[in-house]
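Participant: Sequence first, predicted model second:
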Amino acid sequence: MGRKAEYSEKPKKGPGRKARKQGAPVFRKQSFAPMEEEDKKLSHRQKQRSVKREQKKVVQKAKLLEKRAKGKQPQPVKRKTAYNSDSEPEDEEEVQQQEASSDEEVPQLVPAPKSQKSTAPKGFTDDNDAWLKPKQQKKPSKKPDSESEEEEEDEDLEEDSEAEVEDDSEGDDGLDAEESGEEEEEEDDSDDDTAQVGKLADLSDDDDANSDDDFDISGEEDNAEADSDEEEDEDDDDDDDDKLPIERANKKLKKREAKEAQLADDELLETVDRQDVFQLPTEEEEAEKDLTLQEVQQRIKDVSLVLSDFKKYRQADRSRGEYIELLRRDLCLYYSYNEFLMEKLMDMLPLTELMEYLEASEIARPLTIRTNTLKTRRRDLAGALINRGVNLDPLGKWTKVGLVVFNSQVPLGATPEYLAGHYMIQGASSLLPVMALAPQENERILDMCSAPGGKGSHIASIMKNTGVLFANDSNRDRIKAIVANFHRLGIVNAVVSCEDGAKFRNIMTGFDRVLLDAPCTGTGVVSKDPSVKTTKSEVDVQRCYNLQRKLLLTAIDCTDAKSSTGGYIVYSTCSVLPEENEWVIDYALKKRNVKLVPTGLDFGVEGFTKFRQHRFHPSLNLTKRYYPHTHNMDGFYVAKLKKFSNTIPITKEQQEEDEKQLDEAIEAEATAEVAEEAAEPEEESGQEKGPKKLLGKRAGKPSFTEIEQELKKKKREESKTKYVAKVFEQPVKAPKKPKPEKPVEQKEKKSQEVVEKTNGSEAPSKAASKKNQPNGNVPASKSDAKSFKKKKQENGNASPAKPVGKKSKANGTDSPAKPAAKEPKAKPQAKVEQQSKPKTTKLANAPRVEIDEVPILEGKPIKKQNKLKQKSKQIGQLKKSKTGANAGKKQKFKK
Ligand SMILES: C[S@@+](CC[C@H](N)C(=O)[O-])C[C@H]1O[C@@H](n2cnc3c(N)ncnc32)[C@H](O)[C@@H]1O
């Protein structure tokens with residue numbers, strides 16, 4: 001993406017013309033840093049050759065020595081430096097070709113020395129090849145001075161040897177002979193890599209000098225492999241012949257660094273070994289010592305080390321469990337997690353990855369935006385924002401609409417482009433489920449949990465405003481956000497609804513595609529919402545996965561397997577817990593005619609097929625996981641299902657049983673939650689809360705103050721004991737509260753009376769309620785009644801019109817709470833408890849009345865809610881007046 005060029009400042013020109021004409025001063029080569037200076041001036045070939053010459057210096061020297069010893073010292077032949085000659089490059093090209101040639105050359109090169117056998121100096125045999133070795137040791141002298149000296153000397157030697165080769169060769173004279181000698185040399189050198197192995201074997205005792213050259217070099221390399229590091233260096237230098245000095249220097253540097261790192265590692269290990277084994281603190285020590293964060297961090301490292309090699313570093317009398325326990329506590333302390341969530345994460349990720357995950361979760365993810373292609377193109381949007389001082393880039397190759405914002409001089413939620421609907425502020429991960437869904441134009445698509453409409457609007461833009469998008473969410477307040485966003489973004493193909501997604505199959509089915517971006521614990525978005533670290537409990541997770549399973553089954557039921565273009569369901573969460581992801585999908589695979597298909601996302605970690613002792617369907621590896629530490633995006637999960645049959649593989653009874661189980665599990669959670677809620681201050685209960693308020697911020701939960709959260713946490717801890725279902729178990733039926741003796745009819749009668757008296761509307765009898773089903777379907781009576789009860793509680797809590805603290809009428813669930821509600825606002829804790837008690841009992845004793853769906857209270861206008869309040873007042877009065885009436889019974893009424 002192009003940045004705006006800055007033309008205002010022109011780059012300063014260098015020195016004046018005159019100064020530029022004047023070349024840099026030239027110093028004599030030898031005066032300082034001779035090698036490097038020289039290297040700079042040499043051509044590439046020349047450098048190669050000079051290096052090769054160096055390689056041979058030892059051999060040549062040896063030859064000379066021997067010859068001198070025999071009194072045959074040849075006269076050094078002074079010659080022009082061949083590497084400056086014009087003919088050189090041609091020769092070198094040939095050499096290069098030869099070097100580059102393949103193994104074909106080997107047979108040519110290997111026999112070549114034999115032809116020179118007769119001219120070879122005597123004594124180059126395997127018996128005396130040991131004398132060659134000291135020559136190798138000369139090489140490592142790396143001091144530049146000595147090197148340069150040696151080089152000079154070697155050049156002489158080389159010249160000598162070349163002359164010698166000349167003499168020994170078949171009688172070519174002068175420069176030609178030299179060149180041919182050089183060629184030979186180079187041929188021989190070029191042979192090093194390919195022919196050396198063969199040559200060693202081929203060499204006989206009376207091999208000649210040239211063959212010894214080859215042998216020498218090859219021998220050098222062979223020895224080098226086996227010998228010390230220094231020799232390795234030499235060999236590497238040999239390999240580096242055709243490299244630039246800077247490359248060689250770089251290589252050397254890297255090698256040195258690697259060595260140093262190795263040394264450091266060894267040293268560290270040694271130190272660790274020498275150190276006393278990390279001692280787990282005793283309980284007294286723990287209690288006594290208040291550790292600083294640094295000490296905790298150090299202890300985390302220590303324990304991690306012990307766990308990395310438990311056999312080696314453990315204390316004999318301590319178990320792995322003890323170390324893990326300590327580590328968990330320290331991690332909780334250091335990163336401010338509650339033990340529950342930390343345990344979950346520790347179960348899920350290996351230790352090193354866990355540390356990375358925790359670290360990454362402390363850092364905010366990059367701000368990203370999605371181009372609304374209904375209104376603009378990414379390039380244009382980027383240009384417009386850059387002009388406003390936004391520094392951005394494309395998000396990645398995997399998306400054509402995403403932009404990542406590095407920094408901005410303007411608030412991104414208030415730019416004219418934003419207000420004009422040119423983009424949506426969205427996390428990178430939230431683009432993934434829509435990409436997996438791959439919406440098509442003219443389809444009918446359901447976005448089951450849509451608010452605030454990020455993914456929904458993305459779907460609509462891919463559909464190019466064709467077909468129909470049903471954007472549903474059960475939270476009325478969040479629905480407003482969908483509507484606002486859709487208006488801003490210019491979406492005109494959407495129908496927005498406020499229904500419980502789990503019941504959507506009763507409203508409409510036959511969708512080509514369904515997106516279920518399910519409400520979840522939000523354990524993947526810790527960096528966005530750090531409260532997740534401390535507020536999530538096992539009950540929250542259970543509540544989520546029960547709801548998620550229900551929603552997913554409905555999403556599947558809403559999909560048309562016979563859709564000509566689709567029949568796909570995409571399930572996603574921003575949680576990393578397997579309970580909310582793989583386990584939910586695994587459940588759906590068993591309960592419906594669906595199979596997993598690839599998401600079409602070419603990055604992401606495979607979903608788990610096993611997790612601890614649990615085994616999931618093997619196709620779960622087709623699902624994708626995203627982590628902050630690996631993908632620099634929120635923790636996320638995406639699964640794509642294809643529905644292959646509209647029939648439901650389980651019997652109706654089984655299905656009902658499943659539903660019942662899920663409902664009961666959810667109800668049990670709700671009961672526990674109501675107990676908590678009841679204990680909360682009156683003001684809170686008067687607050688506006690959506691039906692899914694229990695599921696966290698992502699589910700539209702209003703944020704609580706710290707004190708409220710503390711209180712909630714406390715109560716949640718208490719309520720845990722009441723909860724029965726365990727993670728990774730089929731939700732166990734909550735023990736049913738003893739039903740009141742009085743049969744349902746009696747209750748219904750009462751409510752009938754009440755309703756008739758209050759507004760004269762029809763009695764909420766079972767039959768009537770059935771009639772009131774949105775599509776006339778018969779509800780799964782019991783479960784629906786329960787969910788209604790729950791909804792009623794929630795709706796009562798929500799009561800959006802209630803001014804906080806004004807007339808805090810409890811939560812609308814029952815009338816006896818009313819008098820308590822009229823108490824002054826600030827109540828002591830004891831009073832709150834007192835108040836909560838009857839409520840809980842009341843709920844527990846509430847009869848399971850077969851009253852089905854009524855138009856959802858949260859969907860009623862505010863005025864009607866007030867009417868309801870009046871009604872409930874009246875009901876309370878009536879109830880008081882009725883002798884022997886069960887005060888704990890819940891009143892049902894229907895509008
Ligand atoms: C993760 S958010 C959805 C985010 C949305 N897909 C987006 O991209 O903007 C989950 C939503 O599910 C909604 N929700 C919770 N329970 C629901 C239910 N039973 N039926 C429908 N929606 C529900 C919550 O109100 C919340 O808005």
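Facilitator: Done, it's in.
Participant: give me the element Met346 is part of.
Facilitator: Using DSSP states H and E, Met346 sits within helix 339-348.
Participant: er, Val51 I mean
Facilitator: Per DSSP H and E: helix 44-69 holds Val51.
Participant: Spatially nearest residue to the residue of the stretch 201-350 of the chain found nearest the ligand (excluding sequence neighbours)?
Facilitator: Nearest residue of the stretch 201-350 of the chain to the ligand (CB to the nearest ligand atom) works out as Leu341 at 18.5 Å. For every residue, glycine as well, the C-beta is placed using N, CA and C. Of all residues not flanking Leu341 in the chain, Lys536 sits nearest, at 5.4 Å (CB to CB, 6 or more residues apart in numbering).
Participant: so what are the domain limits for the chain?
Facilitator: Listed domain ranges for the chain are 34-242, 661-881 (source: automatic domain parsing).
Participant: hang on, the earlier thing: neighbours of the residue of the stretch 201-350 of the chain closest to the ligand, how many?
Facilitator: 24 (other CB atoms under 10 Å).
Participant: before we move on, what about Ala261?
Facilitator: Using other CB under 10 Å, Ala261 has 10 neighbouring residues.
Participant: cool, and Thr376?
Facilitator: Thr376, neighbours per other CB under 10 Å, totals 18.
Participant: quick check, it in a strand?
Facilitator: No: counting by DSSP: H, G, I helix; E, B strand; the rest coil, Thr376 is not part of a strand but coil.
Participant: hmm, back to that, now do the same contact list for the residue of the stretch 201-350 of the chain closest to the ligand.
Facilitator: Shown in contact with Leu341 (CB atoms under 8 Å, 6 or more residues apart in numbering): Thr523, Val532, Lys533, Lys536.
Participant: Sort out which residues of the helix holding Met346 are buried, please.
Facilitator: By neighbour count with 16 or more other CB atoms under 10 Å, helix 339-348 contains the buried residues Phe340, Leu341, Met342, Glu343, Lys344, Leu345, Met348.
Participant: do stretch 584-595 and the ligand meet?
Facilitator: No: residues of stretch 584-595 are not located near the ligand by CB under 6 Å from any ligand atom, the shortest gap being 13.9 Å.
Participant: contacts for that stretch?
Facilitator: Contacts to stretch 584-595, defined as CB under 8 Å, 6+ apart, come from residues 518, 545, 548-549, 552-553, 556-557, 561, 569, 571, 596, 607, 616-617, 619-620, 623, 639, 641-650, 655, 658.
Participant: Now stretch 519-539 - C-alpha only, CSV.
Facilitator: C-alpha atoms of stretch 519-539 as CSV (Å, rounded to 0.1, in the frame of the first residue of the first chain):
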residue,chain,number,x,y,z
PRO,A,519,-21.8,-16.6,23.0
CYS,A,520,-18.8,-17.9,24.9
THR,A,521,-16.6,-17.3,27.9
GLY,A,522,-14.3,-15.1,25.8
THR,A,523,-11.2,-16.8,27.0
GLY,A,524,-9.5,-15.9,23.7
VAL,A,525,-9.9,-12.2,24.2
VAL,A,526,-8.2,-11.7,27.5
SER,A,527,-6.1,-8.9,26.1
LYS,A,528,-9.3,-7.0,25.2
ASP,A,529,-11.2,-7.9,28.4
PRO,A,530,-8.8,-8.7,31.2
SER,A,531,-11.7,-9.3,33.6
VAL,A,532,-12.1,-12.7,31.9
LYS,A,533,-8.9,-13.8,33.7
THR,A,534,-10.5,-13.5,37.1
THR,A,535,-14.2,-13.8,36.6
LYS,A,536,-14.7,-17.1,34.7
SER,A,537,-15.6,-20.2,36.6
GLU,A,538,-16.4,-23.7,35.8
VAL,A,539,-20.1,-22.8,35.9
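Participant: top of the contacts of Leu341 by neighbour count?
Facilitator: Ranking these using other CB under 10 Å puts Thr523 first, with 27 neighbours.
Participant: which residues sit in contact with the residue nearest to that one when sequence neighbours are not counted?
Facilitator: Nearest in space to Thr523, with sequence neighbours left out and distances taken as CB to CB, 6+ apart, is Ser575 at 4.6 Å. Residues near Ser575 by CB under 8 Å, 6+ apart: Cys520, Thr521, Gly522, Thr523, Gly524, Cys544, Asn581, Gly635, Tyr637.
Participant: Ile569 too?
Facilitator: 513-516, 552, 555-556, 559, 594, 640-643.
Participant: neighbour-wise, which of those leads?
Facilitator: Tallying neighbours with other CB under 10 Å puts Val514 at the head of these, with 32 neighbours.
Participant: can you pull up the bridge partners for that residue?
Facilitator: Counting by DSSP bridges, Val514 forms beta bridges with Leu446, Ile569.
Participant: That one is in contact with Met448, isn't it?
Facilitator: Yes: at 6.1 Å, Val514 counts as touching Met448 under the criterion of CB atoms under 8 Å.
Participant: joint contacts of those two?
Facilitator: When contacts are counted by CB under 8 Å, 6+ apart, the set common to Val514 and Met448 consists of Ala555, Cys558.
Participant: Format the contacts of Ile569 as a markdown table; extra columns: secondary structure.
Facilitator: Formatted as a markdown table, the contacts of Ile569 follow (three-state DSSP):
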| residue | secondary structure |
| --- | --- |
| Arg513 | strand |
| Val514 | strand |
| Leu515 | strand |
| Leu516 | strand |
| Leu552 | helix |
| Ala555 | helix |
| Ile556 | helix |
| Thr559 | strand |
| Val594 | strand |
| Lys640 | strand |
| Leu641 | strand |
| Lys642 | strand |
| Lys643 | strand |
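Participant: which of the residues you listed lies closest to the ligand?
Facilitator: Nearest to the ligand among these is Leu515, at 7.2 Å by CB to the nearest ligand atom.
Participant: can I get the CA coordinates of the helix holding Met346 in CSV?
Facilitator: Coordinates of each C-alpha in helix 339-348 appear next as CSV, following Å, rounded to 0.1, in the frame of the first residue of the first chain:
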residue,chain,number,x,y,z
GLU,A,339,-6.9,-20.8,39.4
PHE,A,340,-9.7,-22.3,37.4
LEU,A,341,-8.8,-20.6,34.1
MET,A,342,-5.1,-21.1,34.6
GLU,A,343,-5.7,-24.8,35.1
LYS,A,344,-7.7,-25.0,32.0
LEU,A,345,-5.0,-23.3,30.0
MET,A,346,-2.3,-25.5,31.5
ASP,A,347,-4.3,-28.5,30.5
MET,A,348,-4.5,-27.2,27.0
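Participant: Can you list phi and psi of the residue nearest to Leu341 for me?
Facilitator: Reported as degrees, to the nearest 10, the phi and psi values for Lys536 are phi -80, psi 140.
Participant: I'd like the contacts of Leu341 as CSV, with secondary structure, pLDDT and distance to the ligand appended.
Facilitator: Formatted as CSV, the contacts of Leu341 follow (DSSP: H, G, I helix; E, B strand; the rest coil; pLDDT from 0 to 100; distance: CB to the nearest ligand atom, whole Å):
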residue, secondary structure, pLDDT, distance to the ligand
Thr523, coil, 96, 13
Val532, helix, 96, 13
Lys533, helix, 96, 18
Lys536, coil, 95, 15
